[in-house]
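J.: compute the structure for the input listed below.
(chains A, B, C and D, ligands or ions: 4)
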2 protein chains.
Amino acid sequence: MILSPDSSGQLPESTTDSNTMASHREPALNLEFDGTTVLCRVCGDKASGFHYGVHSCEGCKGFFRRSIQQKIQYRPCTKNQQCSILRINRNRCQYCRLKKCIAVGMSRDGKCYKHYGI
Amino acid sequence: MILSPDSSGQLPESTTDSNTMASHREPALNLEFDGTTVLCRVCGDKASGFHYGVHSCEGCKGFFRRSIQQKIQYRPCTKNQQCSILRINRNRCQYCRLKKCIAVGMSRDGKCYKHYGI
DNA sequence: GAAGCAGGTCACGAGGTCAG
DNA sequence: CTGACCTCGTGACCTGCTTC
Ligand SMILES: [Zn+2]
Ligand SMILES: [Zn+2]
Ligand SMILES: [Zn+2]
Ligand SMILES: [Zn+2]
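T.: Ligands and ions are numbered 1, 2, ... in the order given. You can find the predicted model right below:
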C-alpha cells in the first residue's frame, strides 16, 4: 500500500448541475444561478457585480486590478497555459488566471452602468 | 490502494467513507481549549490557523505542504497503520501522519469559504 | 436619494526559509 | 526532515465617486 500525496484537481460541488441549465444558453460560466445571482465569468464563483466590463467575483476583480495597477509580469505557466480556472483552484496559476480575465473581456474602461444584471 | 490528499474527488471531511466511523469520531482533538485557542485536528497541538481547510499547527501544516509539493512516497507503516498522532509522537510515523491529515480533510484547495453565502 | 462600480484596506493563509 | 518565523498575494469589506 502506498501513500501518495498526489494532488489532482477535484470538482467538489459546483459545475455538477450544469447540463440541464446549460441547454438554454451559453456555456456554464456565463449562466445565472437563478433570477438574481450571476456567476463570475472567470472562475464561476458568485459574481459580486459588473467589474471591468465583466460579471466577476471580488477575487477576480481584485486580482485584475492588482495586475494592471502594478504592471505585473506573472511567471509563465509551467504547464501548457491551459489551466482551468475555477473557484477552488483559481490561485494556482496566476498566468492563466490573468489570461482568462483578458479572454472574457476584462478591461480598465469597460464601463457599463446600464442595468445589465440579473 | 493509494492515498492522496485530494484525489478523492469530494469533500474528505464528510466522506470518511464509512458509516460506522462517523459514529465515534476522535473526541478531543476537534475541541477548543477555551474561547480563543483552537487545537490542531491532526495532532492536538495548538493550531496556528486554518490551513489547507483544517485548523492545524505549524508542524502539520508544513508537513502536509511538503507532502503535496514533492510527491513524497512515505514508507508504509510498520505497524497496523493506526498509529496515534499526537504532538509528542507525530514524527514517528509519516505514513500515518499524512493519513490523518487527509482523514481530517486537509486538501490543497482547502480554503476557508466561511464567508461565502451558500 | 438610490444603485452600482473603482479603488483602498488589511486580516489571513500559502509557500519559502533555514537553524536545529 | 522538522517547524518557528517570515514574506506577500488574496479577497471580504469599506469608502468615495459616478450615473440614474
Ligand atoms: Zn472569479
Ligand atoms: Zn497555467
Ligand atoms: Zn498538528
Ligand atoms: Zn503508522
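
J.: mind showing which ranges of chain A have poor pLDDT?
T.: A:1-36, A:110-118 (pLDDT under 70).

J.: what do you get if the cut-off is 50, keeping everything else the same?
T.: Within chain A, the segments meeting pLDDT under 50 span A:1-2, A:4-30, A:110-118.

J.: now the strands for it?
T.: Using DSSP state E, the strands of chain A run over A:2-3, A:49-51, A:54-56.

J.: ok, and does the second one reach over to DNA strand D?
T.: No - for strand A:49-51, no contact with DNA strand D is found by CB under 7 Å from any atom of the strand; the gap never falls below 9.2 Å. Yep, even glycine has a C-beta here, placed from its N, CA and C like the rest.

J.: what are the buried residues along that strand?
T.: Going by neighbour count (16 or more other CB atoms under 10 Å in any protein chain shown), the buried part of strand A:49-51 is A:50-51.

J.: hmm, it touching DNA strand C?
T.: Yes - applying CB under 7 Å from any atom of the strand, one finds strand A:49-51 touching DNA strand C at A:49-51.

J.: closest one to ligand 3 among the strands of chain A?
T.: Set against ligand 3 and scored by CB to the ion, the strands of chain A come closest in strand A:2-3, at 17.3 Å.

J.: how close does A:Arg75 sit to DNA strand C?
T.: 11 Å (CB to the nearest atom of the strand, to the nearest Å).

J.: what residues are up against that residue?
T.: Contacts for A:Arg75 (CB atoms under 8 Å, 6 or more residues apart in numbering or on different chains) come out as A:94-95.

J.: pull the contacting residues for A:Pro61.
T.: Quick fix: residue A:61 is Lys, not Pro. Per CB under 8 Å, 6+ apart, neighbours of A:Lys61: A:48-49, A:51-52.

J.: give me every residue in chain A lying close to ligand 2.
T.: A:77, A:83, A:93, A:96 (CB under 5 Å from the ion).

J.: tell me how many other residues surround A:Gln70.
T.: Counted with other CB atoms under 10 Å in any protein chain shown, the neighbours of A:Gln70 add up to 8.

J.: how close does it sit to A:Val54?
T.: 21 Å (CB to CB, to the nearest Å).

J.: my guess is A:Met106 contacts A:Phe63. True?
T.: No - A:Met106 lies out of contact with A:Phe63 (CB atoms under 8 Å); the separation is 9.8 Å.

J.: hang on, the earlier thing: hmm, which two among the contacts of A:Lys61 are most spread apart?
T.: Among those, the pair separated by the greatest distance (CB to CB) is A:Ser48 and A:Tyr52, at 12.2 Å.
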